[in-house]
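Generate coordinates for the sequence data below:
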Amino acid sequence: MALSPSRSLRAALVGVAAGVVALSGCGSSSDEGDGDATEAASTAGSGEFTPVTVDNCGTEVTIDSPPERVVTIKSTSTEMMLALGLADRLAGTAFADGPVPDEYAGDLDDVPVLSDNVPGQEALLDVEPDFVYGGWESNFGADTAGERPSLADFGIATYVSPAACQEPAYQPDPMTFDELFAEIREVASFFGVTDRADALVAEQQALLDQVDAPGDGLTALWYSSGEDAPFVGGDIGAPAMMMRELGVENIFADVDATWSNVSWEQVIDRDPDVIVLVDAAWNTADSKIERLEGNPATAALPAVAEQRYLRLPFPAAEAGVRNAQAVVDLAAQLEELGL
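Next up is the predicted model:
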């Protein structure tokens, strides 16, 4: 199970907040110009805010001032906001893939859940957001939260996790931790909290530095979901990114996609040494094991017969702030197998 981020980032954010308070105290006795600068820094949260324009999955996004009312769709976007200490900006969340890490459990107590899935545009507009942060491009559609140009007409900026861009020109190929760290820094720039991003990236890099390819020489299947046709990790997404850090060879490295449906015959033919099981409320790791062990063809695989399973929660399986800790957790599980 992925662990929550360590207390070191929390301590760093406390220090940042203290610095802002100190700055506000100094500004109260300065001239009007200094007071305006102090107010801007306070509004940004930490550091200094500079208007920013980015090309996000082919949509130009301009942030002239730090968003005040943010709606997040998908766990990855919600947890990015929490990891950057921006819970106070959340006007609503939706489409959670599971509970947030214990570290942040209380941060969402006063934040309304707009929908268990993607909210409709009416529910979204009811909370009057000025920024919507989606984990998938499909979160923004005529039948979901609303198309991005339509929301822009309401004065609502939108942003999609760059790891989820679908157009070839924008799709990470492959996804890397450098790409993930770039998203952390980009989101932080919208709120003027780039120093928090630096602290978060440093913490995540320190986690990755603990892992020295314990799976070198082993092959792995990343089993996300599916019964008749398993949905597996391909070569360019977050699953492959984490498998590379572990040193294991993805048996579907020849699939040029983030995820893809394959056949059980292909899985059997490629005979993985270990199987990574994504644990989701709607498709648990235990149900996957039952399926693997209940089918005579897959039950004969050594990885199944010897129960060489690694588990991780669904929110850690998509590109986001849980990935570095997930690598550490999977490495520990891999070493426990003693292969």
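
And the strands in the stretch 51-200 of the chain, which stretches?
Under the criterion DSSP state E, counting those that start in this stretch, the stretch 51-200 of the chain carries strands at the ranges 52-56, 59-63, 70-73, 90-94, 113-115, 131-134, 157-160.

Adding mean neighbour count, distance to Ser150 and mean pLDDT, write those out as a markdown table.
All C-beta atoms are positioned from the backbone trio N, CA, C, and that covers glycine. Formatted as a markdown table, these follow (neighbours: other C-beta atoms under 10 Å; distance: least, C-beta to C-beta, whole Å; pLDDT from 0 to 100):
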| stretch | mean neighbour count | distance to Ser150 | mean pLDDT |
| --- | --- | --- | --- |
| strand 52-56 | 13 | 16 | 98 |
| strand 59-63 | 15 | 12 | 98 |
| strand 70-73 | 30 | 15 | 98 |
| strand 90-94 | 23 | 17 | 98 |
| strand 113-115 | 17 | 17 | 98 |
| strand 131-134 | 26 | 11 | 98 |
| strand 157-160 | 24 | 10 | 98 |
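
Make CSV from those and add distance to Glu306 to it.
What follows is the strands of the stretch 51-200 of the chain, written out as CSV (distance: least, C-beta to C-beta, whole Å):
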stretch, distance to Glu306
strand 52-56, 45
strand 59-63, 48
strand 70-73, 40
strand 90-94, 40
strand 113-115, 41
strand 131-134, 40
strand 157-160, 41
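
pLDDT below threshold where in the stretch 1-150 of the chain?
For the stretch 1-150 of the chain, the stretches flagged by pLDDT under 70 are 1-47.

residue contacts, Thr59?
Listed by C-beta atoms under 8 Å, 6 or more residues apart in numbering, the contact set of Thr59 reads 148, 158, 160.

Pro51: neighbour count?
10 (other C-beta atoms under 10 Å).

Distance-wise, check it relative to Gly192.
Distance of Pro51 to Gly192, computed by C-beta to C-beta, to the nearest Å: 10 Å.

repeat for Ala182
Here the criterion is C-beta to C-beta. By it, Ala182 lies 17 Å from Gly192.

Mind checking which of the two has more residues around it?
Neighbour totals were compared for Ala182 and Gly192, and Gly192 leads with 23 against 16 (other C-beta under 10 Å).

shouldn't the more buried one be in contact with Phe49?
Yes. Assessed by C-beta atoms under 8 Å, Gly192 is found in contact with Phe49 at 3.0 Å.

residue ranges with poor pLDDT in the stretch 201-339 of the chain?
In the stretch 201-339 of the chain there are no weaker segments when pLDDT under 70 is taken as the threshold.

got a list of what Ser224 touches?
Ser224 touches 230-233, 239, 259, 278, 317, counting by C-beta under 8 Å, 6+ apart.

Of these, which is the nearest to Asp107?
Among the contacts of Ser224, Ala317 lies closest to Asp107 (C-beta to C-beta), at 22.0 Å.

OK, contacts around Val113?
92-94, 96 are the contacts of Val113 under C-beta under 8 Å, 6+ apart.

Export those as TSV, with columns for distance to Gly134.
As requested, those are exported to TSV (distance: C-beta to C-beta, whole Å):
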residue	distance to Gly134
Gly92	13
Thr93	12
Ala94	9
Ala96	13
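
for those residues, which one is nearest Val118?
Ala94 (6.4 Å).

May I have the beta-bridge partners of the closest one?
When bridges are called by DSSP bridges, Ala94 pairs up with Ile73, Ser115.

And it, how far from Thr72?
From Ala94 across to Thr72, the span is 7 Å (C-beta to C-beta).

again, but for Pro214
If you go by C-beta to C-beta, the gap between Pro214 and Thr72 works out to 34 Å.

just checking, what packs against the helix or strand containing Gln204?
Assessed by DSSP states H and E, Gln204 sits inside helix 194-209. In terms of contacts (3 or more C-beta pairs under 8 Å, 6 or more residues apart in numbering; DSSP states H and E), helix 194-209 is packed against helix 7-27, helix 177-191, helix 323-337.

Repeat the analysis, applying 10 Å as the threshold.
With contacts taken as 3 or more C-beta pairs under 10 Å, 6 or more residues apart in numbering; DSSP states H and E, helix 194-209 sits against helix 7-27, helix 75-83, helix 177-191, helix 238-246, helix 323-337.

which residues does the nearest residue to Glu68 once chain neighbours are set aside contact?
The shortest distance from Glu68 to any non-neighbouring residue, by C-beta to C-beta, 6 or more residues apart in numbering, is to Asp130 (5.9 Å). With contact set as C-beta atoms under 10 Å, 6 or more residues apart in numbering, Asp130 has these partners: 63, 65-71, 89, 91, 154-157.

Now with 7 Å, please.
Residues near Asp130 by C-beta atoms under 7 Å, 6 or more residues apart in numbering: 67-69, 155-157.
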